[in-house]
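Novice: Okay, here's the prediction I keep looking at, along with the sequence it came from:
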Amino acid sequence: MQILMLKKVYEDLDRYFVTVRDDFSERVLDKERAYYVTQILRDPVKLLLNDMQSYRILRKERPDVIITTGAGDVFPTCFLGKMQDCRIVFLETFARVSEPSMVGRLLNPLADLTLVQWKPMLQHYKNAQYSGPIYEAAETQELPDEPKVFVVTGTHTASFHRLVKSVDELVGEGEIAGLSGAQIGHSTHEPKNFPWSRFLPYEEFLEQLRANDIILTHDGASSIGLALSFGKRVVVVPRRREFREVEYASKQNLARHLASEGLVVLVEDVLDIPAGLAKAKEMKPPRETRKEKGPAYIIKEFLENL
C-alpha cells in the first residue's frame with residue numbers, strides 16, 4: 001500500500017481509508033477508520049457492487065479530497081467523489097516507469113493534481129507533475145561478514161509458490177546460506193528449511209527489512225521500494241503469467257528499469273538465485289540524494305493552498 005508512504009500528508013488530518021480487504025490491509029489499518037470494497041477484477045457484477053459500496057461510504061463520510069495511488073478498485077470512489085465536488089489527487093503507481101496504467105488513463109481527466117514518479121510518464125499525462133519516487137532510496141549499507149537474507153513474496157492472492165519452493169530446496173541443498181526467514185503470503189508451499197510466516201504485522205515486517213541485509217523478493221513495487229528505502233541490497237525474481245503468478249501480462253517494467261540503473265539484481269530463473277545473491281553481495285548501487293520535492297511535499301502543499 002503505497003499510500004502509507006504519504007503519512008506525512010494525512011497524519012494530522014481527519015481521514016479514512018478505502019481499500020480491498022485482505023490480511024495485509026486489515027493488519028495495517030487496524031487502528032485507522034477503514035472501509036473495504038469489493039475487488040473488481042474487470043468483472044461487471046463486482047464493479048456494480050463496488051459502485052454501491054463506494055456510494056454509501058461517500059454519503060456517510062463526505063470527504064473534501066480523495067488521494068489515491070492508482071489502485072483500480074477505488075476508481076468508483078474517485079468517479080463518484082468527483083460528482084460530489086471532491087478534489088482528486090492521483091499519484092501514478094511507483095510500478096509504472098514508461099507506460100500508464102489503465103486506471104491512470106481513467107483517473108487523470110478527473111484529477112485536480114496528477115503526479116508521476118518517473119519522468120518518461122510525463123508524455124502520457126497532460127498537466128502532470130514529476131514528483132520523483134515515493135520511495136527514496138537510502139545509501140546502501142555495508143554488508144557484515146555473514147549477511148542475512150529475508151524472502152518477501154507480497155500479499156497478492158496469486159501466490160508465488162514457485163519462488164518459495166525453489167528457495168526451500170536451495171537452502172536444503174546448501175546452495176543458499178544465511179536465510180533468516182520469509183513472509184510467504186498465500187504460497188501453497190510451506191518451507192521446511194527456514195522459518196516463515198504468511199503475513200507479518202506491518203511494523204514487524206518493517207523490522208525484518210531493517211534487520212536483514214539482502215531482500216529476495218518478487219517484482220512488487222512496495223516490496224522493492226521499501227527495501228531500497230532501508231538501504232538494502234535487493235534481488236528480484238519476476239512473477240510470470242504462464243505460471244499464473246499474476247493476473248495481467250506484466251512487463252516487469254519497474255524491476256527491469258531498476259536493474260538497468262544498478263539498483264537491484266534481476267534473476268530470471270529461480271535456479272540462478274544463488275548467483276543473484278552472490279552478485280548482490282558485490283554490487284555497489286549508485287545513490288543520489290533526492291533533488292525534487294517528493295510526492296508527500298507536493299501533495300501537502302496542494303492541500304494547504306485549497
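Specialist: Yep, it's here. Residues are numbered from 1 along each chain as shown.

Novice: Just checking the distance from the longest helix belonging to the chain to the centre of its chain.
Specialist: Longest helix of the chain, by residue count under DSSP state H: helix 44-61. Here helix 44-61 is found 24 Å from its chain centre; the criterion is CA atoms, centre = their mean, to the nearest Å.

Novice: if we look at that helix, which residues are touching it?
Specialist: Contacts of helix 44-61 with the rest of the structure, by CB atoms under 8 Å, 6 or more residues apart in numbering, involve 16, 18, 35, 37-40, 73-74, 76-77, 80-81, 84. In short, each C-beta sits where N, CA and C put it, glycine included.

Novice: which of the residues you listed count as buried?
Specialist: 18, 35, 37-40, 73-74, 76-77, 80-81 (16 or more other CB atoms under 10 Å).

Novice: now, which of those residues sits nearest Val65?
Specialist: Nearest to Val65, judged by CB to CB, of the buried ones among the contacts of helix 44-61 is Gly81 at 8.9 Å.

Novice: This protein - how does it break down into domains?
Specialist: 2-134+292-304, 149-282 (automatic domain parsing).

Novice: got those domains as JSON lines, with distance to Leu143 columns?
Specialist: Shown next, in JSON lines, are the domains of the chain (distance: least, CB to CB, whole Å):
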{"stretch": "domain 2-134+292-304", "distance to Leu143": "24"}
{"stretch": "domain 149-282", "distance to Leu143": "5"}
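
Novice: how about low-confidence regions in the stretch 151-300 of the chain?
Specialist: Residue ranges of the stretch 151-300 of the chain with pLDDT under 70: 247-251, 285-292.

Novice: measure Lys60 to Met52 for me?
Specialist: Using CB to CB, to the nearest Å, Lys60 is found at 13 Å from Met52.

Novice: likewise Arg105?
Specialist: Relative to Met52, and taking CB to CB, Arg105 is found at 24 Å.

Novice: And Tyr36, by the same measure?
Specialist: Tyr36 is 13 Å from Met52, where distance means CB to CB.

Novice: before we move on, the earlier item: between Lys60 and Met52, which one's more packed in?
Specialist: Neighbour count, other CB atoms under 10 Å: between Lys60 and Met52, Met52 has more, with 12 against 9.

Novice: what sits against Pro63?
Specialist: Contacts of Pro63 (CB under 8 Å, 6+ apart): 16, 81, 86.

Novice: Surely the second one is in contact with Ile88?
Specialist: Yes: under the criterion of CB atoms under 8 Å, Gly81 lies in contact with Ile88, with a separation of 6.8 Å.

Novice: what number of residues lie near Gln123?
Specialist: 11.

Novice: Surely Val234 is in a strand?
Specialist: Yes: counting by DSSP: H, G, I helix; E, B strand; the rest coil, Val234 falls inside a strand.

Novice: What separation do you get for it and Gln39?
Specialist: Relative to Gln39, and taking CB to CB, Val234 is found at 28 Å.

Novice: excluding its backbone neighbours, what's nearest the residue nearest the centre of the chain?
Specialist: With distances taken as CA atoms, centre = their mean, Ser222 lies nearest the centre of the chain, 2.4 Å away. Computed as CB to CB, 6 or more residues apart in numbering, the closest residue to Ser222 that is not its neighbour in sequence is Gln2, at 6.2 Å.

Novice: Could you do Met102 as well?
Specialist: Gly72 (7.0 Å).

Novice: So what's the residue count around that neighbour?
Specialist: 20.

Novice: any idea how far it is from Leu122?
Specialist: Counting by CB to CB - Gly72 and Leu122 are separated by 22 Å.
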